[in-house]
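Undergrad: Attaching a predicted model along with its sequence, questions to come.
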Amino acid sequence: MSADGSSLDFSLLRREMLGEVLEAGSERYEWRRVVINKACRNRPLAIVVPKNTEDVSKSVRFAAKFGLQISVRSGGHSYTCTSVRDGGMQIDLRMLNKVKLVSTAQSPTGLAAYLGPGSTWGRVLRIIPPEFYSYPHGQCKSVGVGGYLLGGGVNWLGTFNKYGYGAESVLRLQMVTANGSIVDVEPSRSTLYPAYGHEGKTVIRHQGGNDLFYAMRGAGASFGIATEFLYKINPTPETLPAAVMVWADSSEDLQRIRRAAQGSNRYSILLVTEFVGSFWNNPQTQAIYKVLPAVLYGVKVLHWMPQDPVVISVTDIRPGAPRETDPVAVVEYLKQFGVRSVFEKHLVLKSINKAFLYIYDLLINEQEVQRPGSWTVGGVSVFAISDSAALEFEFFNNPVLGVLREDQELFKKLGCSYCAWMIQWRNRQDVPGLINPISTRTDNNAVFSTDTNVFCLAQEVASSECILLTLRLKKNIEKTLDATNVRYSKYLNWPSCDSTDWASKYWEDYPRLLTIKEFWDPLNMFNHCQSVGSTDNSCCPFKLEEEIG
C-alpha cells in the first residue's frame, strides 16, 4: 500500500465515522471540493466530512497510519489553496458549525460563544446579532470561523481598532493534534483526552517551548485541527460606520485623514476606493454601479476638482457607542484636522450615509451566496507601516488603481471584475481582559501605524494580468518600504510567496513556533503553503515571471 494512497481502502475509515468519506469521482465529491478561489484546482484522493471531534481524530490517525497528507477546510477562503491540495485527504469541517451563546465566568465580559470552525461568520452574525452584541468577525460573511481565528482574524470596519485581532478574543479551544489526540487548550495548560476510556487525562503545563495556546492563536493551521472555540462576546451592539465623501488628491490630504484617524480615541477610519466591473450580479447592485460613476463624475465637475472624491468609513469606537455612527458629528470632527469633506449640510450627509449603508448591505449579502470557484483572487496586504508616506506614490499614481489614474477603465482591460484598495490607520484601544500575546505578529506596540490591503477578482485563472497587477503593486510598495527602512509586517491570510522573509513578517516569534512545532508535530503532519517549518517559497498559485526589486 503506497504512501500516496493509490491503493487505499477508504471504506476502513468510513466504517469508523459518523460523517462522510467522499472519494474522487463519487457523488458530491466535486461540490465539496470547490473552494472560493478559482485558482485552487487541486484534487484530494478523498474528502472526509466529520460530524464531531472524534471523527476528526479518527481521520487524522488514518492519515498518519497510511502516510496521507492532510488539508483542512473551514470556509475555503485560503488564497494559497491551503484548504485543498492534490492527493492526500481533505478534512472538511463544515458540519462542525456549532454556534451557542453562553454566560460564563471564563469571559471577562461574562459572555462567550461556543463556535465550531465550520460555521461561517454570516451564520454567527444571524445567531448572535450585531444589533445587540459585538465581537471581531470576518468582513465577508462566507468566511469560515476556523481559518479566520487560527490565522489572526482582522476586520477593519471598526472592530479591529476597538477589540483587536479575533485570535485575541479566543478564550480556549478544543483541537486534534498530529497523533490524533483530542486536546483542550487553555492559556496555562493543554489537557489530553485518553485514547481509551479507562485511562486518565494528561495535563501538560505550558512553558515557552510547548505553549500550544500561543501557537494556535495565529499559526494554528500548522499545529492541528481546531474543532471548537470559546470566544469572547461583548454585550454591546456593533457600531455601524458612517460613510463620508472627501477629497484626497495630495499627500497632505492623506496626512490630514491620518491625523484625524489617530487624533483621538473616538473614531476608527478606513479609506476605501472601489473598481467595479462585472462582479456583482444582483440587479439592484448592477443598477447602482451603472449610475454611481456618473454621480461621482458630476460631483467632481460641480466642485471643479481634478478627480473623483473618495469614501472614508468612520466608526465610533468609544465604549458604549450607539448602533450607528453620526455622519454629522464625523464631518465636524474631520474639519478640526483640515480634512476636505465634499458635503457639509446635515440632510445631505445623512442621506449619503444611508445610501452607502444600503449599498454595503447589498454587497455583503450577495457575496455570502455567490458560488465558490467563480473568481480568481489576488491581493496585497502590508501591515503596521510606521510611515504611511511610503504608500503615497502608488496610491496616487499607480496607472491602474491610483486615485489620479488617467484611464478609469484600465482595470477592466486587464481582466479585473472587481478591485478594492483599503487603507486603515491604526488607533487600537485598550481592551480589558485580552489574553496576550498571540503568535500573529500584531505590532501592538506600533499604536499609530498604517495597514493597507488591495485585492482584485478576475474570471480568468491565476496567470491573468489582473492578478499579476496586485503582485506588482505589492512588490513596488515593499521595495519603497525596504529602501527607506520603514518597518512593516504582513498577514498570514494574504500570501507572500515572492519574499523570503515571510515567516518573520507573519509571526511575532518564529523560532519559538519552531520549538513548539517540534514538541507537538515532530513529523510535520500539518504542513501547507508557508506553514511553520515550511521551506517552500514557491507554493502560491500567483507568481511573477519578472523580478521586481
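TA: Right, received. Where do you want to start? Numbers count the residues shown, from 1 in each chain.

Undergrad: Now do the buried residues in stretch 313-320.
TA: 313-317 (16 or more other CB atoms under 10 Å). C-beta here means a position set from N, CA and C on the backbone, and glycine is covered the same way.

Undergrad: ok, residues contacting that stretch?
TA: Stretch 313-320 is contacted by residues 157-158, 161-162, 236, 239-244, 265-272, 322, 325-327, 330, 334, 427, 429 when judged by CB atoms under 8 Å, 6 or more residues apart in numbering.

Undergrad: can you tell me the distance between the two ends of that stretch?
TA: Distance between the two ends of stretch 313-320: 19 Å, counting by CA to CA, to the nearest Å.

Undergrad: which residues touch stretch 95-113?
TA: Taking CB under 8 Å, 6+ apart as the rule, stretch 95-113 contacts 19, 49-53, 56, 114-120, 123-124, 127-128, 133, 135, 171-172, 227-228, 230-235, 432-433.

Undergrad: Show me which of those are buried.
TA: The buried subset of the contacts of stretch 95-113 - by 16+ other CB under 10 Å - is 19, 49-50, 52-53, 56, 115-120, 123-124, 128, 133, 135, 171-172, 227-228, 230-234.

Undergrad: returning to that earlier point: kindly present the buried residues of stretch 313-320 as a markdown table, with separate columns for secondary structure and distance to Ile423.
TA: A markdown table is the format used below for those (DSSP: H, G, I helix; E, B strand; the rest coil; distance: CB to CB, whole Å):
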| residue | secondary structure | distance to Ile423 |
| --- | --- | --- |
| Ser313 | strand | 11 |
| Val314 | strand | 13 |
| Thr315 | strand | 15 |
| Asp316 | strand | 19 |
| Ile317 | coil | 17 |
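
Undergrad: closest to Tyr289 among the residues you listed?
TA: Nearest to Tyr289 among those: Ser313, at 17.8 Å, using CB to CB.

Undergrad: Could you list the buried residues of the host helix or strand of Asn161?
TA: Assigned by DSSP states H and E, Asn161 falls within helix 159-163. Residues of helix 159-163 classed as buried: 159-163 (neighbour count, 16+ other CB under 10 Å).

Undergrad: same for it, what does it pack against?
TA: Applying 3 or more CB pairs under 8 Å, 6 or more residues apart in numbering; DSSP states H and E, we find helix 159-163 packed against strand 267-276.

Undergrad: strand partners of the strand it packs on, parallel vs antiparallel please.
TA: When pairing is defined by DSSP bridges, strand 267-276 lines up against strand 310-316 (antiparallel), strand 416-425 (antiparallel).

Undergrad: Now do the helix or strand just after that strand: everything it contacts.
TA: Once the chain leaves strand 267-276, the next helix or strand it forms, by DSSP H and E, is helix 283-302. Contact with helix 283-302 is made by 245, 276, 280, 306-309, 342, 359, 362-363, 366, 408, as judged by CB under 8 Å, 6+ apart.

Undergrad: can you redo the residues you listed as JSON lines with pLDDT?
TA: Putting those into JSON lines (pLDDT from 0 to 100) gives the following:
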{"residue": "Met245", "pLDDT": "97"}
{"residue": "Val276", "pLDDT": "91"}
{"residue": "Trp280", "pLDDT": "83"}
{"residue": "Pro306", "pLDDT": "87"}
{"residue": "Gln307", "pLDDT": "87"}
{"residue": "Asp308", "pLDDT": "91"}
{"residue": "Pro309", "pLDDT": "94"}
{"residue": "Val342", "pLDDT": "97"}
{"residue": "Ile359", "pLDDT": "92"}
{"residue": "Leu362", "pLDDT": "92"}
{"residue": "Leu363", "pLDDT": "91"}
{"residue": "Glu366", "pLDDT": "90"}
{"residue": "Gln408", "pLDDT": "90"}
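
Undergrad: Just these: which are in helices?
TA: Among the contacts of helix 283-302, DSSP state H puts 359, 362-363, 366 in helices.

Undergrad: mind listing what the residue lying farthest from the centre of the chain touches?
TA: When distances to the mean C-alpha position of the chain are computed (CA atoms, centre = their mean), the maximum falls on His198, with 41.9 Å. For His198, the contact set (CB under 8 Å, 6+ apart) is empty.

Undergrad: Find the nearest non-adjacent residue to Gln90, please.
TA: Using CB to CB, 6 or more residues apart in numbering and skipping the chain neighbours, the partner closest in space to Gln90 is Pro44 (4.2 Å).

Undergrad: residue contacts, the one you found?
TA: By CB under 8 Å, 6+ apart, Pro44 lies in contact with 24, 33, 71, 84-90.

Undergrad: Reformat the strands paired with strand 267-276 as JSON lines; add distance to Arg217 and mean pLDDT.
TA: Putting the strands paired with strand 267-276 into JSON lines (distance: least, CB to CB, whole Å; pLDDT from 0 to 100) gives the following:
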{"stretch": "strand 310-316", "distance to Arg217": "25", "mean pLDDT": "96"}
{"stretch": "strand 416-425", "distance to Arg217": "21", "mean pLDDT": "94"}
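
Undergrad: could you dump the ones you listed to a markdown table with distance to Tyr297?
TA: Below are the strands paired with strand 267-276 laid out as a markdown table (distance: least, CB to CB, whole Å):
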| stretch | distance to Tyr297 |
| --- | --- |
| strand 310-316 | 14 |
| strand 416-425 | 19 |
